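[1] I'll drop the sequence and a predicted model, then ask my questions.
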Amino acid sequence: MLTLENVAIRQGDFSLRADFTIQAGQRVAVIGRSGAGKSTLLSLIAGFFPPEEGSVLFDGQNMTKAAPGKRPLAMLFQDNNLFPHLSVAQNVGLGVRPDLRLNQVQKSLVANAIERVGLSGLEDRKPAQLSGGQQSRVALARILVQDKPLVLLDEPFAALGPALKIEMLDLVAEVLEETGAALLMVSHDPQDARRIAPMTVLVADGVAYAPTETGALLDNPPPALKAYLG
């Protein structure tokens, strides 16, 4: 369970407040206009910078000052963050050990994750030899091996075509169903939220609002969201 307790973020003229809880296993989208603070919210939760006020709690434990690597979460960025000089298996293995000194059990874990995302047989390929969809699958496999209770997705499939994006969203949903991990996913596309996230956090006017039911929010949007959706 993730709790943002009276959190305030300030960066120059930009400010954002948040005070809500994400329950264990809950799938939540984060939507709002460009520049509203969606990615900033995820970066705060991931530990890339501290809030000026408030606390970040995981299962009741205060981790506001914990380093990113010490937090019980895995994060997938828009560019997938793959290392071009490493193979598929090595890029996935980084999720287990950054030095890639894997024992046999850990190597099996990597192989199983690669199989789970449909990339068996491509273990030795480099990212440049893969399609965009395959690169996204590698990044998802690296999330899998980390086995964290919270997954943060920052528009990782935005560069994919509509059919491939739907395929990846469905794969994420399947994986989360199996692992029981919670999800917080930034997206510009409200259809992504409808497809994968029963709850949605709206970021608007300097506030990340508490999660609300996705269908109800999108079917009857408040003025700030209505302006964004057009």
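    Structure's in. What do you need?
[2] quick one: the residue lying closest to Val145 once chain neighbours are set aside and Asp219, what's the gap?
    Closest residue to Val145 apart from its sequence neighbours, by Cβ to Cβ, 6 or more residues apart in numbering: Gly95 at 4.2 Å. Bear in mind the C-beta positions are built from the backbone N, C-alpha and C, glycine included. Plainly put, Gly95 is 38 Å away from Asp219 if you go by Cβ to Cβ, to the nearest Å.
[3] burial measure for the closest residue to Arg97 other than its chain neighbours, as a count.
    Residue nearest to Arg97 in three dimensions, not counting chain neighbours: Gln106, with 6.8 Å by Cβ to Cβ, 6+ apart. If you count neighbours by other Cβ atoms under 10 Å, Gln106 ends up with 15.
[4] of Gly95 and Asp219, who's got more company?
    Gly95 (20 against 9).
[5] looking at this protein, which helix or strand is least sure?
    When each helix and strand of the chain is scored by mean pLDDT, DSSP states H and E, helix 223-229 comes last, with a mean of 83.
[6] ok so, going back, now the residue nearest to Val145: how far from Phe58?
    Distance from Gly95 to Phe58, by Cβ to Cβ: 19 Å.
[7] cool, Gly93 as well?
    For Gly93, the distance to Phe58 - Cβ to Cβ - is 25 Å.
[8] host element of Val203?
    Following DSSP states H and E, one finds Val203 within strand 199-204.
[9] Check which helices and strands that strand sits against.
    Contact analysis of strand 199-204 by 3 or more Cβ pairs under 8 Å, 6 or more residues apart in numbering; DSSP states H and E lists strand 27-31, helix 38-46, strand 212-213, helix 214-219, helix 223-229 as its packing neighbours.
[10] what about the longest helix in the protein?
    Looking across the chain with DSSP state H, the single longest helix is helix 162-179.
[11] Mind listing what's buried along that helix?
    Within helix 162-179, the residues that qualify as buried by neighbour count (16 or more other Cβ atoms under 10 Å) are 164-169, 171-172, 175-176.
[12] partners of whichever helix or strand comes after that helix in the sheet?
    Using DSSP H and E, the next helix or strand after helix 162-179 towards the C-terminus is strand 182-186. Strand pairing for strand 182-186, using DSSP bridges, gives strand 27-31 (parallel), strand 150-154 (parallel).
[13] And this structure, split by domain according to the record?
    Taking automatic domain parsing as the criterion, the chain consists of the domains 1-72+149-230, 80-147.
[14] Pro222 and Ile31: what is the separation?
    Taking Cβ to Cβ, one finds Pro222 at 12 Å from Ile31.
[15] Need the residues touching each of the two.
    Residues touching both Pro222 and Ile31 (Cβ atoms under 8 Å, 6 or more residues apart in numbering): Leu202.
[16] The two: which has the busier surroundings?
    Between Pro222 and Ile31, counted using other Cβ under 10 Å, the more crowded position is Ile31 (27 against 13).
[17] can you pull up the bridge partners for that one?
    On the basis of DSSP bridges, Ile31 is bridged to Leu202.
[18] who touches Leu82 in this structure?
    91, 127, 135, 138-139.
[19] with these in mind, which one is nearest to Ser15?
    Ser15 lies nearest to Ala139 out of those, by Cβ to Cβ, at 31.2 Å.
[20] Can you classify the closest one by secondary structure?
    Following DSSP: H, G, I helix; E, B strand; the rest coil, Ala139 is assigned to helix.
[21] Settle this for me: it is touching Leu76, isn't it.
    Yes - Ala139 is within contact range of Leu76, at 5.4 Å (criterion: Cβ atoms under 8 Å).
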